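# just need the structure, nothing else, for what follows:
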Amino acid sequence: MSKGTAIDLGLNEAYNDLFSTQAERDNAQRSYVIDLDPAEISDFPDHPFKVRMDEEMERLVESVRERGVLSPVLVRPIPDGGYQMVSGHRRKMAAELAELPTVSCIVRELTDDEAVIIMVDSNLQREQVLPSEKAFAYRMKLDAMKRQGQRTDLTSSPLDKKLKGITAAQQIGKDSGDSQPQIYRYIRLTNLVPELLEMVDNSVLKEKDKLQMALRPAVELSYLTEDEQKALLETMTIDDCTPSHAQAIKMRNFSEKGKLNADVILSIMQEEKPNQVEQFKMPKDRISKFFSPGTPAQKIEDTIVKALEMYRRRQREVER
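Down below sits the predicted model:
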């Protein structure tokens, strides 16, 4: 396809999948498709979604190298000339790595807020979205919807427009599948220093050699000041551990009272957590012959403890 050639999007069902509402379908009639040099397309400002060089990207590059970019990326023209990516950063990078001269693009006129909403919604469809990505994406979309006066016509069905009193956060929840409280929890993560936020991502990526932290304690820690978070980070790095939810709540309480300092943080972190109680482990093959297949682990543990108690009583009787 030569550059500048327009195509009627109504003839291609693949393109129609990008336009889920009537407003978007109307806008699609003013869209057109052209082939662009990837170098002409700038990244979306503050794009919250990472383009990772993982196995999935390697497979995408190989696919693009063999068959090209089958689904056009979505761009918008910018006043200073050129185009800005709205949806398709991974496909663009795959095209660059595959050394394709051009990539097929849907060009559409969009306001800043419309572009933010479409960018977030399209990227949330990825198979794996990290907590940090959701955090900044939800905040960007929430801000955009509030600037629009909480309009829902760009991101929901006609039925949703009949809802009364729906908030922007509720609408984001409907679009993403996360509850409204969960939306706010993710947005709170944007208040974490980068090192702590990375630990939350590590819990999803299962980075065994790196510190990991669950969402709930991370949300509590987001209420700490930057200096308090850095003091906590230093303690966590030295001790190679992260706080439990209860410990994080305790730190937040001390912080709100203006009493959280390095000594208090160290004291809280040194408290024994339930999952840190020392455990005794035994190879399963050494005891499996004493139990029927499929016996629950808790029942095995209880039986062993009872057997040891009986053994101790008999030993005492012998000693007498």
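
# quick one, grab the pLDDT at residue 196.
For residue 196, the model assigns a pLDDT of 96.

# next, it: phi, psi?
Phi and psi for residue 196, reported as degrees, to the nearest 10, are phi -70, psi -40.

# pull out the buried residues from stretch 63-76.
64, 69, 72-76 (16 or more other CB atoms under 10 Å). For the C-beta atoms, the positions are set from N, CA and C on the backbone; glycine is no exception.

# cool, stretch 245-256 as well?
For stretch 245-256, using 16+ other CB under 10 Å, the buried residues are 247-252, 254-255.

# switch those residues over to CSV; also include pLDDT.
As requested, the buried residues of stretch 245-256 are exported to CSV (pLDDT from 0 to 100):
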residue, pLDDT
247, 96
248, 96
249, 97
250, 96
251, 97
252, 97
254, 97
255, 97
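
# from these, pick the one nearest residue 213.
Nearest to residue 213 among the buried residues of stretch 245-256 is residue 248, at 8.9 Å by CB to CB.

# list of residues touching whichever strand or helix holds the closest one?
Using DSSP states H and E, residue 248 sits within helix 245-256. The contact list for helix 245-256 (CB atoms under 8 Å, 6 or more residues apart in numbering) reads 214, 216-218, 220-221, 223-225, 228, 232, 243, 260, 264-265, 268-269, 271, 273.

# next structured bit after it?
helix 262-269.

# quick one, what contacts residue 63?
residue 94 are the contacts of residue 63 under CB under 8 Å, 6+ apart.

# which parts of the protein are helices?
Listed in chain order, the helices of the chain (DSSP state H) span 13-16, 22-28, 55-67, 89-97, 112-123, 131-147, 168-176, 180-188, 194-205, 215-221, 226-239, 245-256, 262-269, 297-319.

# those into a markdown table, with extra columns for distance to residue 42?
Formatted as a markdown table, the helices of the chain follow (distance: least, CB to CB, whole Å):
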| stretch | distance to residue 42 |
| --- | --- |
| helix 13-16 | 23 |
| helix 22-28 | 21 |
| helix 55-67 | 20 |
| helix 89-97 | 10 |
| helix 112-123 | 12 |
| helix 131-147 | 17 |
| helix 168-176 | 26 |
| helix 180-188 | 26 |
| helix 194-205 | 24 |
| helix 215-221 | 32 |
| helix 226-239 | 31 |
| helix 245-256 | 39 |
| helix 262-269 | 42 |
| helix 297-319 | 55 |
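
# which of these has the lowest average pLDDT?
helix 13-16 (a mean of 44).

# name the weakest-confidence residue in the buried residues of stretch 63-76, if you would.
residue 69 (88).

# that one touches residue 94, doesn't it?
Yes - counting by CB atoms under 8 Å, residue 69 does reach residue 94; the two are 7.4 Å apart.

# give me the spatial nearest neighbour of the residue nearest to the spatial centre of the chain, chain neighbours excluded.
Nearest to the geometric centre of the chain sits residue 130, at 2.3 Å (CA atoms, centre = their mean). Leaving out its chain neighbours, the residue that sits closest to residue 130 by CB to CB, 6 or more residues apart in numbering is residue 201, at 4.6 Å.

# and that neighbour, how far from residue 74?
26 Å (CB to CB, to the nearest Å).

# swap in residue 270?
52 Å.

# over to residue 121?
Taken as CB to CB, the span from residue 121 to residue 74 is 11 Å.

# tell me the one of the buried residues of stretch 245-256 nearest residue 284?
Nearest to residue 284 among these, with distances taken as CB to CB, is residue 247, at 32.6 Å.
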